[in-house]
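S.K.: Provided below for reference: sequence and predicted model.
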Amino acid sequence: MGEPNRWRHMRSAPRDGSRILVTIRASEQGPGTVDLAYWSNGDQFGGDAWRSSDSAPGRIIEYAETELKCWMPMPSANLDRLSLPSAWEGNDEQELDGSGI
């Protein structure tokens, strides 16, 4: 996957059920934040959508595409860094995956 600790466009996020980190856009409910999510092809609890990894059957937390700003693969275990990365705060598509310069 190349550089694992780099935010990427959601359009390139894996839709195979693997867990990834996502930046949730800031909204009237609060500032942008990071969550652990995965793509679900849908089941008896909901349709195709990004779901929070800590969802439980019958209590699904789903994110609309527009709520998610970018994604990052799960970082490898690093005992010197036991916290999640900061949420992406830059300009959307213009800076993700490099500025194109």
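M.R.: On my side now, so go ahead.

S.K.: for the protein, which strand is longest?
M.R.: strand 33-40 (DSSP state E).

S.K.: list the contacts of the most centrally placed residue in the chain.
M.R.: Closest residue to the average C-alpha location of the chain: Val22 at 1.5 Å, with C-alpha atoms, centre = their mean. Val22 makes contact with 10, 13, 34-37, 50, 63, 68-72 under the criterion C-beta atoms under 8 Å, 6 or more residues apart in numbering. From N, CA and C alone the C-beta is placed, and that goes for glycine too.

S.K.: mind running it again at 7 Å?
M.R.: 34-35, 37, 50, 68, 71 (C-beta atoms under 7 Å, 6 or more residues apart in numbering).

S.K.: report the mean confidence score over the longest strand of the chain.
M.R.: What strand 33-40 shows for mean pLDDT is 93.

S.K.: what about the helix or strand harbouring the residue nearest to the centre of the chain, distance to the chain center?
M.R.: Val22 belongs to strand 20-24 when elements are defined using DSSP states H and E. Relative to the centre of its chain, strand 20-24 is centred 2 Å away, using C-alpha atoms, centre = their mean, to the nearest Å.

S.K.: mind listing the strands it pairs with, and their directions?
M.R.: strand 33-40 (antiparallel), strand 68-73 (antiparallel) (DSSP bridges).

S.K.: run through who's touching the last one.
M.R.: This means strand 68-73. 1, 4-10, 13, 20-25, 32, 50, 85, 88, 92, 96.

S.K.: residues of it that come out buried?
M.R.: 68-73 (16 or more other C-beta atoms under 10 Å).
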